[in-house]
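Chemist: sequence and predicted structure are below.
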Amino acid sequence: MAFRKLLNRGQLIPRPVRRIAQRVLFFLSIMGPGLITASADNDAAGVATYSMVGSYYGYGMLWVILWITVGEVLVQEMAARMGAVTGKGLTDLIRERFGVKPALLVIGGLVLANLGTTAAQFAGIAASAQLFGLPHYLVVPLAAVLVWWLVVHGSYERVEKVLLVLSLRDNPQAGKLRAERELEGAIATQVAALEDAIQTIERNPDLSPAEREALTRPLEEARDILKQPGVSQEEAVAALAEASQSLSEMSGGMTPQDEAPYQQAARPLSGSEQTADVADALAKPDLGEAADALDDLADDLAAGSLDEQEQQDLAGRLEQVADAVEEQNPALAQIRREAAAELHSGDLEEAQESLREAGELLRDQQQQSEQSPLAGAARAAQELSLIHISEPTRPY
């Protein structure tokens, strides 16, 4: 008030500055009721309507806002003109112009509309109380008493100030809601990337049907989890991590069905200290590491580290490995059988050569697998689809 009096008196303030300040104050005096009106439209019923329409139509109905805004401006302008000119309310004007019965009909509709709006507002207050963990059976009556006191005992200026403060105050749940929107946007982007990766794999002519199925399965599982309503960040990250792990395993050029024989071959080797390294490598399976372990085993044979009983035990285990990989890798199975036969006959030099030859074969096969269409498609899908979902902004 003191500042306004100074403006009116023109003390200490140059005239151009005073004029600008008066215009700003005039604008603020108009903007206050406008902010209150705009905030009042974002009530519980409005938010529920916006949410339902948005979930069903997405952004497809945004164009309606333009025409609704034009209609609201026209109605508000006409109502303001009638009130300013006549000094009467809408029902008085209807009664004078059309009679008592139309006025009663309008009043009845207004009462019903206000009852529905009031019920929706208090339902929104109850829902808000639950967000803060407060009992709604206490919060709703207190809110009703507060509204009653403001309406009955509060002046227009006082109510206007209270509502203006509430309109300008930040939503205490704004941080949480912002974080949820960021997470929803990241998940939607991730789902689109997963679907693009799936389509790219399905259109790849260099992949066999089994390879396409192996590559798309983890992506489809992750996509289905992300598309579930209300999926949490932890669930989304876990689904993507599992899909990434599956693709990473296939980036070596082998599907789970291709890996199974090698993993089966690792079992008979795992029971011996001499072949434990080979067993661990085949269980992964890492063919390059398995090749290095076979070279070490050949070196042990050359150094005489294995006695006759251990040599015979190794021969038996190599025969079991040959049986495990016979169908998928007949060349490797043949070499293993040759090494086993040479160990049975005591020809250690030939057995060493067979083990080294088996190692070289595994290295060549690993190199071919890493350069296969399956490996390339797995790496491309991993880069294309697995966008990082960052932790959403936490409310403070």
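Modeler: Noted; the coordinates are in hand.

Chemist: could I get the buried residue list for stretch 90-110?
Modeler: By 16 or more other CB atoms under 10 Å, the buried positions in stretch 90-110 come out as 94, 95, 103. C-beta here means a position set from N, CA and C on the backbone, and glycine is covered the same way.

Chemist: surely the second one and residue 103 touch.
Modeler: I take that to be residue 95. Yes. Between residue 95 and residue 103 there is a contact at 3.7 Å, judged by CB atoms under 8 Å.

Chemist: what is the neighbour count of residue 372?
Modeler: 17 (other CB atoms under 10 Å).

Chemist: any idea which element residue 175 lies in?
Modeler: Per DSSP states H and E: residue 175 is located in helix 174-202.

Chemist: helices or strands up against that helix?
Modeler: Counting contacts by 3 or more CB pairs under 8 Å, 6 or more residues apart in numbering; DSSP states H and E, helix 174-202 is packed against helix 209-226, helix 233-250, helix 373-385.

Chemist: if we use 6 Å, what do you get?
Modeler: helix 209-226, helix 373-385 (3 or more CB pairs under 6 Å, 6 or more residues apart in numbering; DSSP states H and E).

Chemist: chain center to it: distance?
Modeler: 5 Å (CA atoms, centre = their mean, to the nearest Å).

Chemist: dump the helices and strands packed on helix 174-202 into a markdown table; add distance to residue 352 as well.
Modeler: Formatted as a markdown table, those follow (distance: least, CB to CB, whole Å):
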| stretch | distance to residue 352 |
| --- | --- |
| helix 209-226 | 37 |
| helix 373-385 | 32 |
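
Chemist: which residue is the nearest non-sequential neighbour of the most centrally placed residue in the chain?
Modeler: Among the residues of the chain, the one closest to the centroid is residue 187, at 2.6 Å (CA atoms, centre = their mean). Using CB to CB, 6 or more residues apart in numbering and skipping the chain neighbours, the partner closest in space to residue 187 is residue 226 (5.2 Å).

Chemist: so what's the one you found up against?
Modeler: By CB atoms under 6 Å, 6 or more residues apart in numbering, the contact list for residue 226 reads 187, 190, 191, 236.

Chemist: and the last one, how far from residue 250?
Modeler: Right, the one you point to is residue 236. According to CB to CB, to the nearest Å, residue 236 and residue 250 sit 22 Å apart.

Chemist: the two - which one has more neighbours?
Modeler: residue 250 (25 against 20).

Chemist: which of the contacts of residue 226 sit farthest apart?
Modeler: Greatest spatial distance among the contacts of residue 226 (CB to CB): 191 and 236, at 9.8 Å.

Chemist: distance check, residue 342 against residue 326.
Modeler: The value you get for residue 342 to residue 326, if CB to CB is used, is 19 Å.

Chemist: more neighbours: which of these two?
Modeler: residue 342 (22 against 16).

Chemist: determine the three-state secondary structure at that one.
Modeler: helix (DSSP: H, G, I helix; E, B strand; the rest coil).

Chemist: give me the pLDDT for the nearest residue to residue 136 once chain neighbours are set aside.
Modeler: Nearest residue to residue 136, sequence neighbours excluded (CB to CB, 6+ apart): residue 126, at 3.8 Å. Residue 126 carries a pLDDT value of 87.

Chemist: report the buried residues of stretch 118-135.
Modeler: 120, 121, 122, 124, 125, 126, 128, 129.

Chemist: how many residues are close by the residue nearest to residue 248 when sequence neighbours are not counted?
Modeler: Distances taken as CB to CB, 6+ apart place residue 382 nearest to residue 248, at 6.7 Å, with adjacent residues excluded. By the criterion of other CB under 10 Å, residue 382 has 20 neighbours.

Chemist: surely residue 382 is in contact with residue 247?
Modeler: Yes. Using CB atoms under 6 Å, residue 382 is in contact with residue 247, at 4.3 Å.

Chemist: and the gap between the residue nearest to residue 248 and residue 72?
Modeler: Going from residue 382 to residue 72 by CB to CB gives 51 Å.

Chemist: can you check residue 112 too?
Modeler: As for residue 112, its distance to residue 72 is 21 Å (criterion: CB to CB).

Chemist: outside of whichever strand or helix holds residue 266, which residues touch it?
Modeler: Applying DSSP H and E as the criterion places residue 266 in helix 256-269. Here helix 256-269 makes contact (CB under 6 Å, 6+ apart) with 275, 278, 279, 282, 283, 285, 317, 320, 321, 324, 325, 328.

Chemist: in it, what's buried?
Modeler: Of all the residues in helix 256-269, those buried under the rule 16+ other CB under 10 Å are 258, 259, 261, 262, 264, 265, 266, 268, 269.
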